Each structure stands twice: as C-alpha cells, then as structure tokens.
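Q: Show me how the following folds:
(one chain, ligands or ions: 1)
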Amino acid sequence: MKYILCLFPLWLLATTALAQDDWVNLQKQGGAGLFQEKCGMCHRPGGMGTGILGRRMSAELALLENRTDLQGPFIENVVRNGFGVMFPISRAEVSDKQLQTISTYLTEKQ
Ligand code: HEC
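A: This is a model prediction of the structure:
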C-alpha cells in the first residue's frame with residue numbers, strides 16, 4: 001500500500017507532463033499543419049473539395065485558405081454536420097480542440 005501511495009505523485013506528474021506535451025505538439029503543429037493533415041486531402045489545390053467548390057466560386061476562392069468570408073461557427077457546423085457532398089467529420093477524427101485550431105487558422109486573416 002505504501003508503494004502505491006509513493007507512486008501516486010509520480011503518476012500524477014507523468015500524466016500532467018503528457019497532457020502538456022499534447023498541448024505543446026498541437027501548438028507547434030499549428031492550424032496550418034492541422035489543416036493540411038485533416039482537410040488538405042480535399043481542400044488543397046487539386047483536391048476534390050476544391051474542385052467542387054470551384055463550380056460555384058472562382059478557383060482562388062475555392063481554396064478555403066484564401067477565403068476571408070468564412071466564420072468560425074459556419075466552419076464548425078460544416079465539419080460536424082457535413083455540407084453537400086462533404087461528409088460530417090467526427091470528434092474521433094478531429095477533436096474539438098483541433099477543430100477550433102483549424103477554424104481559428106482559417107478565420108484569423110479576416
Ligand atoms: C473527403 C473530402 C473532404 C474533407 C476531408 C474535408 N472536406 Fe470540406 N468540403 C468537401 C467538399 C466536396 C465540399 C463542397 C461541398 C458542396 O458544395 O457540395 C466541402 C466544403 C467545405 C466547406 C464549405 C465552403 C463553402 O463556402 O461552401 C467548408 C467550410 C469546409 N468544407 C471545411 C472543411 C474543413 C475545415 C475540413 C477539415 C477539418 C474539411 N472541410 C475536410 C470535402 C472535404
């Protein structure tokens with residue numbers, strides 16, 4: 001029992017260190033990196049999303065990274081609920097924190 005009590009502060013230290021590490025990684029990777037990883041396969045130049053959006057807007061604006069009219073709640077709604085032919089993306093694929101980072105990245109240049 002004594003041993004377990006001794007280990008508890010160590011465990012606590014280890015888990016807080018890990019949680020901080022996660023946060024640091026997210027900060028380092030940043031919105032641009034996360035966007036590339038989670039949305040890029042469709043929303044980079046030549047991606048399926050870019051192609052479909054290009055049917056109703058200019059090729060330049062079809063790239064989400066060039067848009068200045070996107071609002072955070074709209075982006076979050078599209079990602080969670082889907083939009084047209086874009087499937088909803090679950091929290092298992094993109095966590096709330098990651099989605100917020102991506103959304104900030106796409107809206108901060110406004
Ligand atoms: C599997 C491909 C795919 C992935 C992955 C994807 N999208 Fe999309 N997205 C699309 C397609 C296709 C459309 C256009 C849907 C339509 O107009 O019918 C779209 C549309 C959108 C729109 C609407 C733009 C507008 O003005 O109408 C937003 C915002 C958006 N995506 C954000 C994201 C974000 C953020 C991610 C990453 C978290 C993401 N998408 C990942 C395919 C994808």
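
Q: Find the nearest non-adjacent residue to the residue in the chain positioned nearest to the ligand, please.
A: Going by C-beta to the nearest ligand atom, the ligand is nearest to residue 84 of the chain, at 1.9 Å. (C-beta placed from N, C-alpha, C; glycine too.) Distances taken as C-beta to C-beta, 6 or more residues apart in numbering place residue 52 nearest to residue 84, at 7.3 Å, with adjacent residues excluded.

Q: Now the one you found: which helix or strand?
A: Assigning secondary structure by DSSP states H and E places residue 52 in helix 48-53.

Q: Would that helix count as contacting the ligand?
A: Yes: against the ligand, helix 48-53 shows contacts by C-beta under 6 Å from any ligand atom at 48, 49, 52, 53.

Q: can you pull the buried residues of the following helix or strand past that helix?
A: For helix 48-53, the following helix or strand on the C-terminal side (DSSP H and E) is helix 72-81. Within helix 72-81, the residues that qualify as buried are 75, 78, 79, counting by 16 or more other C-beta atoms under 10 Å.

Q: Quick one: name the residues of this protein near the ligand.
A: Looking at the ligand, the residues of the chain close enough under C-beta under 6 Å from any ligand atom are 38-39, 41-43, 48-49, 52-53, 64, 70, 75, 78-79, 83-86, 89, 94, 102.

Q: How far away from the center of its chain is stretch 44-63?
A: Centroid displacement of stretch 44-63 relative to its chain, using C-alpha atoms, centre = their mean, to the nearest Å, is 19 Å.

Q: quick revisit: read off the pLDDT value for the residue nearest to residue 84.
A: In this model, residue 52 is scored at 97, pLDDT.

Q: Where does pLDDT dip in the chain?
A: 1-6, 8-28, 110 (pLDDT under 70).
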